[in-house]
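Visitor: What would the 3D arrangement of this be:
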Amino acid sequence: MAQKFGNARWVKEGYFDNRTPEVVVGQISFAVLGTVDFCLAGKLIGEIAGKVIQFSNPKFLDDPRAGESLEDFAIPQIGKVSLLSFDPHPLLSPHPYFEWFSLDQQHYRIELEPDDAWVMAESEWDSITETSQRIYVALAPRLGCLDS
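Guide: Just a heads-up that it's a prediction; the model follows:
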């Protein structure tokens, strides 16, 4: 069963950077957990492929009960992209949909409202480049243990 993070209410903000082919790095701020680094084998798809996306959740709730549900959440998150898209299914209205599997095969997904995520302008990339490079250098070597 996928963990939906309390219908995304425990997800505050974050970004995914897909400027490196076949790797997505980023950070997400969660209730209780704080900011978590991500390094995922795979890519963003559609109009966001190869880009940096940022998101902010106006429905965020800093709920202490989140800790009970997220206590087994690995920090950092290393794994494999299942689907990172702004248009996940032809029968649904387009919306940000982020789904991945951790190294231990835990399945996670975050769904947001359409206006809660956007493609960062290239002029804004400098604000996250150093962090993205740090995450990539530290965590990408661990992606080698993933099966294709």
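
Visitor: Quick check: closest non-adjacent residue to V23.
Guide: Nearest non-adjacent residue to V23, counting by C-beta to C-beta, 6 or more residues apart in numbering: A140, 5.9 Å away. From N, CA and C alone the C-beta is placed, and that goes for glycine too.

Visitor: Make sure that neighbour is indeed in a helix.
Guide: Yes. According to DSSP: H, G, I helix; E, B strand; the rest coil, A140 belongs to a helix.

Visitor: What about it, how many residues nearby?
Guide: The number of residues packed near A140 is 16, by other C-beta atoms under 10 Å.

Visitor: and it, what is it in contact with?
Guide: 20, 23, 25, 39 (C-beta atoms under 8 Å, 6 or more residues apart in numbering).

Visitor: Please report how far the residue lying closest to S102 once chain neighbours are set aside lies from V23.
Guide: Spatial nearest neighbour of S102, excluding adjacent residues (C-beta to C-beta, 6+ apart): G79 at 4.2 Å. G79 sits at a distance of 11 Å from V23 (criterion: C-beta to C-beta, to the nearest Å).
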